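Colleague: Test case, fold it:
(one chain, ligands or ions: 1)
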Amino acid sequence: MDDVVIIGSGPAGLTAAIYACRANLSTTVVAGSAWGGQLMLTTEVENFPGFPDPILGPDLMENMRRQAEKFGAKIVYEDATKVDFSARPFKVFAGGEELEARSVIIATGASSKWLGLESEERLRGRGVSSCAACDGMFFRGKKVAVVGGGDTALEEALTLAKIASQVTVVHRRDKLRASKVLQERALGNGKIGFAWNAVVVEILGKEKVEGIRIKDVQTGQESTIYCDGVFVAIGHQPNTELFKGQVELDPMGYVVTHEGSRTSVEGVFAAGDVQDHKYRQAVTAAASGCKAALDAEKWLQVA
Ligand code: NAP
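Modeller: So this is what the prediction gives:
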């Protein structure tokens, strides 16, 4: 039995592992078959303190993983398929095995949201993507559209502008949600254009993306933008399917925490994007992973 089983291996999960191991707690990280979280899908990270020069997202995660392993974290590269928090020791099922834990830290993060169009589903991987860092290279010299007006959308647009011939950002309002610095960069980039007050009603193409049909939300008028790729960057939803009925979730599906990282089940803690829909930064996720490990350590002393 482990003192702590951490589910998830993004900045929250791996930081929790570093702190738990250094507190001399036996620690297993159920990292998932695709470990590392959203930073694995990012290019340059410029705002993680301690890195005055940009570091690639996957490199930052590799450093965190090595650091956790250096202090003794066991890492299981399987997806957690089921949990049972109804009695102690808690049980976490992964890769056909049953892990027993005196305490659990949930750090499963969040995933990209999709528009929910039939054509989007059908053309996913055929020009529809949610990751410019992963798929941008397929659009060298081609036209692409990015949907959304937040930081992710503008980061995607800026990444794509280095590769594609033209990038159109489709945003449902006439004001961007993204941070000022990204707005300035995107608005000042000659390759990036904007379709304001517009929503995508259909992604066009049979075998691959050929364009998008957009609707002006004020006039209702529809028009077509011809492009070869569509990057959907409209936010995220928490990865909490596994925890329904096990811990309290809020109406949006995020794990509810109180007094730091405590969940509705004593001995089960949560950290990172799975319980935070406001800040959602690598550095805030890492900080909350640290807090969860400290909370678990304290709780285990009296449990
Ligand atoms: P976000 O801030 O929630 O922005 C989502 C964007 O998509 C908004 O502009 C929203 O429009 C639009 N949208 C949402 N649902 C839509 C729909 N169904 N159809 C069309 N448009 C839709 O999400 P995010 O950009 O992924 O960022 C998430 C968090 O990560 C933020 O806290 C952000 O600061 C952070 N982040 C930071 C960095 C960085 O610091 N470099 C990079 C990436 C992400 P409205 O504006 O009208 O709501």
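Colleague: Just confirm residue 189 is within a helix.
Modeller: No - counting by DSSP: H, G, I helix; E, B strand; the rest coil, residue 189 falls outside a helix, being coil.
Colleague: on contacts alone, who are the packing partners of the strand or helix carrying residue 292?
Modeller: For residue 292, the host element (DSSP states H and E) is helix 282-302. Packed against helix 282-302, as judged by 3 or more C-beta pairs under 8 Å, 6 or more residues apart in numbering; DSSP states H and E, are the following elements: strand 2-7, helix 11-22, strand 97-106, strand 268-270. (Glycine included, C-beta is placed from N, CA and C.)
Colleague: Residue 35 - nearest residue in space that isn't next to it in sequence?
Modeller: Computed as C-beta to C-beta, 6 or more residues apart in numbering, the closest residue to residue 35 that is not its neighbour in sequence is residue 9, at 4.4 Å.
Colleague: I'd guessed that neighbour sits against residue 75; true?
Modeller: Yes - using C-beta atoms under 8 Å, residue 9 makes contact with residue 75 at a distance of 7.2 Å.
Colleague: what is in contact with the two at once?
Modeller: 29, 31, 35, 65 (C-beta atoms under 8 Å, 6 or more residues apart in numbering).
Colleague: Kindly indicate which of those lies nearest the ligand.
Modeller: The ligand lies nearest to residue 35 out of those, by C-beta to the nearest ligand atom, at 19.9 Å.
Colleague: Helix, strand, or coil at that closest one?
Modeller: Going by three-state DSSP: residue 35 is coil.
Colleague: same deal with residue 61?
Modeller: Residue 61 - assigned by three-state DSSP - is helix.
Colleague: Return the residues in contact with the nearest residue to it once chain neighbours are set aside.
Modeller: Leaving aside its sequence neighbours, residue 61 sits nearest to residue 36 (C-beta to C-beta, 6+ apart; 4.0 Å). If you count contacts by C-beta under 8 Å, 6+ apart, residue 36 has them with 9-10, 58, 61-62, 65.
Colleague: cool, residue 33 as well?
Modeller: 77-79.
Colleague: So what does it look like in phi/psi?
Modeller: phi -70, psi -30 (degrees, to the nearest 10).
Colleague: quick one: residue 108 and the ligand, what's the gap?
Modeller: 16 Å (C-beta to the nearest ligand atom, to the nearest Å).
Colleague: Oh, that last question was meant for residue 42, not what I typed.
Modeller: Distance from residue 42 to the ligand, by C-beta to the nearest ligand atom: 8 Å.
Colleague: for residue 265, same thing?
Modeller: Applying C-beta to the nearest ligand atom, the value for residue 265 to the ligand is 27 Å.
Colleague: Residue 106 pairs with what?
Modeller: As for beta bridges, residue 106 partners with residue 7, residue 270 under DSSP bridges.
Colleague: Surely it touches residue 8?
Modeller: Yes - look at residue 106 against residue 8 with C-beta under 8 Å: they come within range, at 7.0 Å.
Colleague: which neighbours do the two share?
Modeller: With C-beta under 8 Å, 6+ apart, residue 106 and residue 8 have common neighbours residue 274.
Colleague: Those two: who's more crowded?
Modeller: In this view residue 106 and residue 8 are compared by other C-beta atoms under 10 Å, and residue 106 has more residues nearby, 36 against 31.
Colleague: coming back round to it: my reading is that the residue nearest to residue 35 is in a strand; is that accurate?
Modeller: No - counting by three-state DSSP, residue 9 is not part of a strand but coil.
Colleague: mind listing what it touches?
Modeller: 29-32, 35-37, 61, 65, 75, 107.
Colleague: Of the residues you listed, which pair is most distant in space?
Modeller: By the measure C-beta to C-beta, 30 and 61 form the most distant pair in the contacts of residue 9, at 15.7 Å.
Colleague: higher neighbour count, these two?
Modeller: residue 30 (30 against 24).
Colleague: Quick check: closest non-adjacent residue to whatever residue of the stretch 51-200 of the chain ends up closest to the ligand.
Modeller: In the stretch 51-200 of the chain, the residue that lies nearest the ligand is residue 150 (2.4 Å; C-beta to the nearest ligand atom). Leaving aside its sequence neighbours, residue 150 sits nearest to residue 177 (C-beta to C-beta, 6+ apart; 4.5 Å).
Colleague: which residues of the stretch 151-300 of the chain fall in strands?
Modeller: 166-170, 192-195, 198-204, 211-216, 222-226, 229-232, 236-238, 268-270 (DSSP state E, counting those that start in this stretch).
Colleague: Burial-wise, tell me which of those strands comes out on top.
Modeller: strand 268-270 (a mean of 29; mean count of other C-beta atoms under 10 Å).
Colleague: For that strand, give the mean pLDDT please.
Modeller: Strand 268-270 shows a mean pLDDT of 98.
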